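In: Give me a 3D structure for the following:
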Amino acid sequence: MKFNIKEMVRPHLKNIRPYQSNRDVSDKDQSIFLDANENPNGEYRLYPDSNAIKLKSALSIYTGCASAQVFLGNGSDELIDQTIRLFCEPGKDAVLILEPTFGMYRKYAEINNVEVQSVPLNNNFQIETDVFSAAVKRSIAKVLFLCSPNNPTGNCLANIEWCLESFDGIVVVDEAYIEFVPEESVVPLLSKYPNLIVLRTFSKAWGLAGLRLGYGIASEEVATCYNTVHSPYNINAVAQNIALKRLKEKAELYKGIEQTLNEKVRLQSALSDFTFVKKVYPSDTNFILVKFSDAARVYHHLNKNKISTSLRHPEIENCLRITIGNVEENNKLLQILSLYK
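Out: So this is what the prediction gives:
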């Protein structure tokens, strides 16, 4: 498809040069750095590699994409914010979202004074193509955000490639939960659709939410835009080192995913037995959406017993989003629910 990224980037950002450190970090153990006014003592006294070269190389191997296609963020939240700041003029442009979905798309658009236009998903939390087409015809949006698997509904979205064909602007597919259904990834479509950007995170299957580390994959030209505007040293040394270590521990990753998926099946079955549970929705993630007769009462009952869940009512009527915990946590959840009256 014909697509010119330079026409999409905000005009004042087109000629900005990326921050560059003059250091050769590949030989830092043999070098003396007296250029950045750091403390000469301490384990983390030096600034991290501002380009995170080793981490991008490791992610290149993991994703099957070139290192130049990878860009990093302080959590994928930062990349959502960067996307809006890169492509949308405040007070003029808009983003398009399909609701219910991850709330940060709307939040960062509002922070940046960018209009949010919304298309509802159907009762199965899927895209209605005729409704979407009609919305796109009316829309001024430059960026479309798709979350697949979707948060908070838990399902993968169908028709993503159709959306790529139907929408002329930037299409961001947020794959925060893709490790739980890797066969559903749209990364193979990157070579076909230059307007596609894929976002991912280390917060879910990788178990590193406390590090705040996300990454994106796109064409080299698009990735360069992100690598140009990110804050210097936005990925700290601890995050880089731990992520590199985890990327070498794929057996542990897959073991953790298998345990979570097994627990999800058990929890879905057990929850279905409660009379006050009206529906347990299918899930492609590490959480399940559950409809109750009175979600607010169940939520407060759990909260009173020190179990935190996510109340999605009234956006999704009488629903809670429940993360799959470990065996002990899930057993406690079921025990407390058994006491609900």
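In: What are the structural domain limits within this structure?
Out: 5-248, 251-338 (automatic domain parsing).
In: Would you reformat the ones you listed as CSV and include mean pLDDT?
Out: Converted to CSV, the domains of the chain look like this (pLDDT from 0 to 100):
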stretch, mean pLDDT
domain 5-248, 95
domain 251-338, 98
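In: Residue 83 contacts residue 143, correct?
Out: Yes: under the criterion of CB atoms under 8 Å, residue 83 makes contact with residue 143 at 6.1 Å. Where you see a C-beta, it was placed from the backbone N, CA and C, and this is true even at glycine.
In: and for those two, which residues touch both?
Out: 170, 172 (CB atoms under 8 Å, 6 or more residues apart in numbering).
In: quick one on the thing from earlier: need the domains of the chain in JSON lines with mean neighbour count, can you?
Out: Formatted as JSON lines, the domains of the chain follow (neighbours: other CB atoms under 10 Å):
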{"stretch": "domain 5-248", "mean neighbour count": "18"}
{"stretch": "domain 251-338", "mean neighbour count": "16"}
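In: show me where the protein has helices.
Out: 5-8, 53-63, 76-87, 104-111, 129-138, 160-166, 220-229, 237-247, 250-272, 295-304, 327-338 (DSSP state H).
In: Among those, which comes closest to residue 180?
Out: helix 250-272 (6.2 Å; CB to CB).
In: Could you figure out how far the closest one is turned away from helix 237-247?
Out: Here helix 250-272 points in a direction 80 degrees away from that of helix 237-247 (axes from the mean of the first three to the mean of the last three CA atoms, to 10 degrees).
In: Which neighbouring elements make contact with helix 250-272?
Out: Here helix 250-272 touches strand 277-280, strand 287-292, helix 327-338, going by 3 or more CB pairs under 8 Å, 6 or more residues apart in numbering; DSSP states H and E.
In: To residue 217, which of the ones you listed lies closest?
Out: strand 287-292 (23.8 Å).
In: how far does the closest one sit from the chain's center?
Out: 20 Å (CA atoms, centre = their mean, to the nearest Å).
In: hmm, who's touching it?
Out: Contacts of strand 287-292 (CB under 8 Å, 6+ apart): 151-154, 264, 267-268, 271, 276-281, 283, 298, 312, 316-324.
In: repeat for stretch 114-133
Out: Contacts for stretch 114-133 (CB under 8 Å, 6+ apart): 84, 88-90, 93-101, 105-106, 109-110, 135, 139-141, 150, 153, 155, 157-159, 162-163, 166, 281.
In: how long is that stretch from one end to the other?
Out: 21 Å (CA to CA, to the nearest Å).
In: quick one: contacts for the closest residue to residue 274 other than its chain neighbours?
Out: Closest residue to residue 274 apart from its sequence neighbours, by CB to CB, 6 or more residues apart in numbering: residue 337 at 6.1 Å. Residues near residue 337 by CB under 8 Å, 6+ apart: 271, 274, 298, 301-302.
In: between these, which is closest to residue 29?
Out: Closest approach between the contacts of residue 337 and residue 29, by CB to CB: residue 302, at 50.9 Å.
In: so that closest one makes contact with residue 308?
Out: Yes: using CB under 8 Å as the test, residue 302 is close enough to residue 308 to be in contact (7.5 Å).
In: For the residue nearest to residue 58 when sequence neighbours are not counted, give its distance to residue 296.
Out: Leaving aside its sequence neighbours, residue 58 sits nearest to residue 247 (CB to CB, 6+ apart; 4.6 Å). According to CB to CB, to the nearest Å, residue 247 and residue 296 sit 41 Å apart.
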